[in-house]
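Enquirer: Requesting a structural model of the entry that follows:
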Amino acid sequence: MLYFVKFHGVKYPMESEFTLKSGEYILCEIKNERFAGKASDEIHCKLQPEGKVLHLIYDSEKDKLKEIQKDEEKALDFCKKRIKHYKLTMKVVGVDKEWNGKRLKFYFLADKRIDFRTLVKDLKKEFNCIIELRHMGVRDYAGFMGGLGLCGSPLCCNTFLAEKPRVKLETARNQDIYISPSKISGLCGRLLCCLQYEQNFYDKTGQEFPERDNLIKTEKGNSQVLHRNMLTGIVTVSNPDETQEEIPIEEIKKKGDTWIRLKKKEK
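Expert: A predicted model of the protein is given here:
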């Protein structure tokens, strides 16, 4: 079975030989390193696991877990202060301490490349262990934090979306969506992942529709396409007399390189 397991800043798909309940603390192995994480949702799709779940945190290990969590909070606070001291344009969002205490992983956000070599020296001197700084993408961070999307439902990337699709601005254009950042961007500030869900439908259906700004020969002359609604099958045009009209796609046909509006007897 595959489960999402949350750490401090990231969540990974992990393989488990036993059933987990959401919110349970578990010990996981990732590339021969052990970290405590919190079980999240089960994954019902094919996905390569990042590691495996060893076991639930035993009662005898709970004191050690609390100690590690305190050390992680201390490391996070210290790192924030050093970032402020050096005036680095980065934001640290979480820290994971390896179960044996030999490594600290710091997760951070940054819009550009950061020279944090001096910061790493300070962290290593303070905590006397291996220091690892990992850059997080804003989409990954949004998927980790969660929230509600524009549709009012929990974020796809925080619930069921195992792999985030690549979304281009051209996708919104192909779907005749009004290009407004507030309408086509998610909480992460990037293009909505759900724009990709119906793209195959628009790719196929779009071949039956004239492009925007194309001309359609109608009884009123050459009418210009203003908008296409592929879900309702309606094409909105601007006629030469400056009126607008909605034409069902069934009344439009392409002959050669020219779009025409069929007469009633031709339909």
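Enquirer: what pLDDT, on average, does the top helix by length along the chain get?
Expert: Looking across the chain with DSSP state H, the single longest helix is helix 62-86. For helix 62-86, mean pLDDT rounds to 95.
Enquirer: buried stuff in stretch 135-151?
Expert: Within stretch 135-151, the residues that qualify as buried are 136, 139-144, 149, counting by 16 or more other C-beta atoms under 10 Å. C-betas here are computed from N, CA, C, even on glycine.
Enquirer: what's the distance between that stretch and the middle of its chain?
Expert: In terms of C-alpha atoms, centre = their mean, to the nearest Å, the centre of stretch 135-151 is set 6 Å apart from its chain centre.
Enquirer: got it, and stretch 69-87?
Expert: 27 Å.
Enquirer: What of stretch 221-234?
Expert: Worked out by C-alpha atoms, centre = their mean, stretch 221-234 lies 32 Å from the chain centre.
Enquirer: who touches it?
Expert: With contact meaning C-beta atoms under 8 Å, 6 or more residues apart in numbering, stretch 221-234 is reached by 175-176, 201-202, 205-206, 209-217, 235-240, 244-250, 261.
Enquirer: average pLDDT for that stretch?
Expert: What stretch 221-234 shows for mean pLDDT is 90.
Enquirer: Go ahead and produce CSV holding the CA coordinates of that stretch.
Expert: Extracted C-alpha coordinates of stretch 221-234, given in CSV (Å, rounded to 0.1, in the frame of the first residue of the first chain):
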residue,chain,number,x,y,z
GLY,A,221,-21.5,39.2,-44.6
ASN,A,222,-18.2,38.3,-43.0
SER,A,223,-18.8,37.9,-39.2
GLN,A,224,-15.8,37.8,-36.9
VAL,A,225,-15.5,35.1,-34.1
LEU,A,226,-15.4,36.7,-30.7
HIS,A,227,-15.8,33.7,-28.4
ARG,A,228,-16.2,29.9,-28.5
ASN,A,229,-18.0,27.9,-25.8
MET,A,230,-17.1,24.4,-26.6
LEU,A,231,-19.2,23.0,-23.7
THR,A,232,-22.4,24.5,-25.0
GLY,A,233,-21.5,24.4,-28.6
ILE,A,234,-22.1,28.2,-29.2
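Enquirer: Can you tell me what sits against stretch 13-21?
Expert: Contacts for stretch 13-21 (C-beta under 8 Å, 6+ apart): 1-5, 26, 28, 37, 39, 42-43, 47-53, 162.
Enquirer: If we use 7 Å, what do you get?
Expert: For stretch 13-21, the surrounding residues in contact (C-beta atoms under 7 Å, 6 or more residues apart in numbering) are 1-5, 26, 28, 39, 43, 47, 49-53, 162.
Enquirer: can you check stretch 159-178 too?
Expert: Contact with stretch 159-178 is made by 13, 41, 43, 45, 47, 139, 157, 179, 184, 191-193, 195-196, 199, 202, 206, 227-228, as judged by C-beta under 7 Å, 6+ apart.
Enquirer: excluding its backbone neighbours, what's nearest Glu211?
Expert: Nearest residue to Glu211, sequence neighbours excluded (C-beta to C-beta, 6 or more residues apart in numbering): Val225, at 6.8 Å.
Enquirer: Can you report how many residues lie near that neighbour?
Expert: Counted by other C-beta atoms under 10 Å, the residues lying close to Val225 total 20.
Enquirer: Thank you kindly, that will do.
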